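Asker: sequence and predicted structure below; questions after.
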Amino acid sequence: MTIRALEKVSVGQNGVGAFILQCIKMDIHYCDQSGSSRGMNSFIKSELSKFAALNPQIEFAVSPRPRKHPLIIGHYINGKQKSICVRNMHALQILKKVELLRDSSGEKTKKVNKPVTSINESVRGVWSPYHGNGMPV
Amino acid sequence: MLAPEQIFNEEESHESSEESASFQQANLPRKTLPSPHPDRAPRSAKLAALHARLSLSKKIPLQILARTLVDPSADAHPQFNNANLAFVGASLLQYHTSEWIVTRYPRLPMGIVFSAMNGYAGGPALLRIARAWGVEAAAAPGEKVDPGYLQYSREKPTVLVHKWGYARAEVKELEKYKWRRGMSSRVIFDDPFGNTVSKEPKEPKDPKDPKEAAELEFRQTRDPDNSEIRDGDQNAHANFVRAVVGAVYLYCGSEAAKTFIKAFVLSRTLDISNLFSFRLPQRELTRLCDRENFDPPVARLLSETGRLSRTPVYVVGIYSGYDMLGEAAGSDLESAKIAASINALKSWYLYSPPNVSLPSDTFEEGAAPWEPAYIDMGEIIS
């Protein structure tokens, strides 16, 4: 055999083929007494069941956290967490935050300078100085 | 096929909740189950979320999804672990992957086909797929674990999906003395990844259930020398993915299973041109040109710069008659020539015919008749 095969593992790109929502779990914490949780309590009563039904991919865990501000924690497939304190927000504001956590990929936010990042090879190829007719000086 | 209720009601060790209540009333010590009771599956939020995340059909019950998460190392009973489902899934995965590779790249050498199979459907790839699905492993398997966790035991020996069929008679010598085995014999005698199949499924040490073990057809692997088994983590995750494929096949049919495999396994990116490692590219190219009745290959210097400098660059093209087969740049003439030969060989091997249909496309009702795919005559130097 003159050819030896190397071992490589295929690389997945989320959304190519199938899309997996990266948020897997959301912890929703509230307090019964504190005024900062008033919006959160009404969110849990009125909005959460609708939101959970629309997003069955996410596991929701609602638990009280007495004498603390209300909190949402999103857990992601990459093992990271993102938490947002939603004190004094009303239900619709909290819904926005919950949607933000749902749509997040779990990666740290970073500045994106390039319009496209791709693992595919460039269709046009890489420019080579050794090909074509050189410019006469 | 049995309905899930029938399966789950058969075994006396996994009683329904009423029976276990009567056990407790009689003050009998209740045996703890090795894995969660299937009745708990519909109430697990994790499991329902996983079901939705994979966009599985409603036809696949949550109990079956829970069963795919139980590795044989956690629960040895074949009706409660995923070994059987994983076997079905493994054969489907290997079938669809191999037909996809072979029809897309009909000229690949067999070693590269095996490597590509491993890259798409082998253990490491399936481990990554399982991780990308957001499946977490339970710290230890048991009755009280949430059914949405992957359950396998790190201490206990795990189980490989056993392959039916031929095991080489000389498998001991192959392992002990590292006998050579040719590529053609791997096609016939070995598994879809070109690895040897061990001779005998080892007898389970537990003498209680020899019948079950025989019907399960798995290999109990207890020797620490087998490196594949040492990675119980990878094996459990891979078996889970295989079992999900098997469950999709059993409940939704072969078309759904094919779509599932396409969406989750074959859509991943593997650059096949990176799998090649050539030893004698120039000789191989000469043999190829000879075989295909091309003019013998000739290397020509296309351009050069800085021959007397510290960093010269030569661009060499390999020509067969007037046709350029490949070209490459290198810092000396010899390495440029070798790189150009490698490029020429890769462009031969990686030929991909446009718009090929797969053999499995004809399984559908009312499918178009099969058009034979292009098949290459084989290896250049075997």
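Answerer: Yep, it's here.
Asker: contacts only, for the residue nearest to B:Cys252 when sequence neighbours are not counted.
Answerer: Distances taken as CB to CB, 6 or more residues apart in numbering or on different chains put B:Ser57 closest to B:Cys252, at 5.0 Å, once the chain neighbours are dropped. All C-beta spots, glycine's among them, are computed from the backbone N, C-alpha and C. Shown in contact with B:Ser57 (CB atoms under 8 Å, 6 or more residues apart in numbering or on different chains): B:Val248, B:Tyr251, B:Cys252, B:Ala256.
Asker: quick one: which of these has the most company?
Answerer: Ranked by neighbour count (other CB atoms under 10 Å in any protein chain shown), the contacts of B:Ser57 have B:Val248 at the top, with 28 neighbours.
Asker: distance of that residue from chain A?
Answerer: If you measure B:Val248 against chain A using CB to the nearest CB, to the nearest Å, the figure is 12 Å.
Asker: could you work out the most separated pair of the contacts of B:Ser57?
Answerer: B:Tyr251 and B:Ala256 (8.3 Å; CB to CB).
Asker: B:Leu85 contacts B:Tyr251, correct?
Answerer: No. Contact between B:Leu85 and B:Tyr251 fails when scored by CB atoms under 8 Å: they sit 10.5 Å apart.
Asker: now the residue in chain B positioned nearest to chain A, nearest residue through space, not along the chain?
Answerer: Nearest residue of chain B to chain A: B:Ser267, at 2.4 Å (CB to the nearest CB). The shortest distance from B:Ser267 to any non-neighbouring residue, by CB to CB, 6+ apart, is to A:Gly17 (2.4 Å).
Asker: so the one you found belongs to a helix, correct?
Answerer: No. Judged by DSSP: H, G, I helix; E, B strand; the rest coil, A:Gly17 forms no part of a helix; its state is coil.
Asker: right, and it touches B:Arg268 too?
Answerer: Yes. If you go by CB under 8 Å, A:Gly17 and B:Arg268 touch, sitting 7.3 Å apart.
Asker: for chain A, give me the ranges with low pLDDT.
Answerer: Within chain A, the stretches with pLDDT under 70 are A:1.
Asker: quick check: residues of the stretch 151-300 of chain B near chain A?
Answerer: When proximity is defined as CB under 8 Å from any CB of the partner chain, the stretch 151-300 of chain B approaches chain A at B:183, B:262-271, B:274-281, B:283-284.
Asker: filter these down to just the ones in strands.
Answerer: Among these, the ones falling in strands (DSSP state E) are B:Phe276, B:Ser277, B:Phe278.
Asker: can you flag the buried ones in the residues you listed?
Answerer: Neighbour counting over those (16 or more other CB atoms under 10 Å in any protein chain shown) leaves B:Phe276, B:Phe278 as the buried ones.
Asker: could I get the ones in strands among the residues of the stretch 151-300 of chain B next to chain A as TSV with pLDDT and distance to A:Asn88?
Answerer: Output for those, formatted as TSV (pLDDT from 0 to 100; distance: CB to CB, whole Å):
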residue	pLDDT	distance to A:Asn88
B:Phe276	96	62
B:Ser277	95	63
B:Phe278	95	67
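Asker: what residues of the longest strand anywhere in chain A count as buried?
Answerer: In chain A, assigned by DSSP E, the strand with the most residues is strand A:23-30. Neighbour-count burial for strand A:23-30, with 16+ other CB under 10 Å as criterion, is recorded at A:Cys23, A:Ile24, A:Lys25, A:Met26, A:Asp27, A:Ile28, A:His29, A:Tyr30.
Asker: got it, and stretch B:328-346?
Answerer: Going by neighbour count (16+ other CB under 10 Å), the buried part of stretch B:328-346 is B:328-330, B:336-346.
Asker: show me where chain A has its strands.
Answerer: A:3-5, A:23-30, A:59-64, A:71-76, A:81-85.
Asker: tell me the one of the buried residues of strand A:23-30 nearest chain B?
Answerer: Using CB to the nearest CB, these come closest to chain B at A:Ile24, 4.4 Å.
Asker: hang on, isn't the closest one packed against A:Glu59?
Answerer: Yes. If you go by CB under 8 Å, A:Ile24 and A:Glu59 touch, sitting 6.6 Å apart.
Asker: thought B:Ser115 was touching B:Ile101, still the case?
Answerer: No. Applying CB under 8 Å as the test, B:Ile101 and B:Ser115 come out as separate, 10.1 Å apart.
Asker: pLDDT score for B:Ile101?
Answerer: Per-residue pLDDT puts B:Ile101 at 95.
Asker: again with B:His14
Answerer: Among the per-residue scores, B:His14 shows a pLDDT of 51.
Asker: quick one, what contacts B:Gln255?
Answerer: Wrong residue type there; residue B:255 is Glu, not Gln. Applying CB under 8 Å, 6+ apart, the residues near B:Glu255 are B:Phe363, B:Glu364.
Asker: for it, which three-state class applies?
Answerer: Following three-state DSSP, B:Glu255 is assigned to helix.
Asker: dihedrals phi and psi, the residue of chain A with the smallest separation from chain B?
Answerer: In chain A, the residue found nearest to chain B is A:Gly17; the distance is 2.4 Å by CB to the nearest CB. Backbone dihedrals for A:Gly17, given as degrees, to the nearest 10, come out at phi 100, psi -80.
Asker: list the buried residues of the lengthiest helix in chain A.
Answerer: Longest helix in chain A, counting residues (DSSP state H): helix A:91-103. Of all the residues in helix A:91-103, those buried under the rule 16+ other CB under 10 Å are A:Ala91, A:Ile94, A:Leu95, A:Lys97, A:Val98, A:Leu101, A:Arg102.
Asker: now the third one: closest residue in space that isn't a chain neighbour?
Answerer: Taking CB to CB, 6+ apart, and ignoring the residues beside it in sequence, A:Leu95 has A:Glu47 as its nearest neighbour in space, at 5.3 Å.
Asker: again, but for the first one
Answerer: When the adjacent residues along the chain are set aside, A:Ala91 lies closest to A:Phe43, with 4.1 Å between them (CB to CB, 6+ apart).
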